[in-house]
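Visitor: need a 3D model of the following:
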Amino acid sequence: MTAVLVRLNLRLFFAAEQVPAAERQELLRTWYRLNAVRLATAAGAWVATRQAAARITR
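Guide: Numbering: from 1, shown residues only. Here you go, the predicted model:
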């Protein structure tokens, strides 16, 4: 998922030619959605790790 976000970043911010406004809006919408999923997944993994560590050390 991170690779997809990096590709979107390259297309949005580092392309040789500027992306048309409509396509830019769609790319940004996709970027925000995927980034939210990525962050939620990382948060879930962090919580699971903390809970597992707490159970192991009891």
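Visitor: spatially central residue for the chain, please.
Guide: Asn35 (2.4 Å; Cα atoms, centre = their mean).
Visitor: show me the contacts for that residue.
Guide: Contact analysis of Asn35 by Cβ atoms under 8 Å, 6 or more residues apart in numbering lists Leu5. Every C-beta, even on glycine, is put in place using the N, C-alpha and C of the backbone.
Visitor: and it, what's its pLDDT?
Guide: pLDDT, Asn35: 94.
Visitor: buried sites along the helix ranked longest in the chain?
Guide: Across the chain, the longest stretch assigned as helix under DSSP state H is helix 21-56. For helix 21-56, the neighbour count (16 or more other Cβ atoms under 10 Å) marks 27, 31 as buried.
Visitor: what is the distance between that helix and the centre of its chain?
Guide: 6 Å (Cα atoms, centre = their mean, to the nearest Å).
Visitor: so what secondary structure elements neighbour the worst-scoring helix or strand of the chain on mean pLDDT?
Guide: Least confident helix or strand of the chain, by mean pLDDT, DSSP states H and E, is helix 2-13 with a mean of 90. Where contact means 3 or more Cβ pairs under 8 Å, 6 or more residues apart in numbering; DSSP states H and E, helix 2-13 is packed against helix 21-56.
Visitor: tell me how far the residue nearest to the centre of the chain lies from Leu28.
Guide: Distance of Asn35 to Leu28, given as Cβ to Cβ, to the nearest Å: 10 Å.
Visitor: swap in Arg55?
Guide: With Cβ to Cβ as the criterion, Arg55 and Leu28 are 41 Å apart.
Visitor: one more: Gly44?
Guide: For Gly44, the distance to Leu28 - Cβ to Cβ - is 25 Å.
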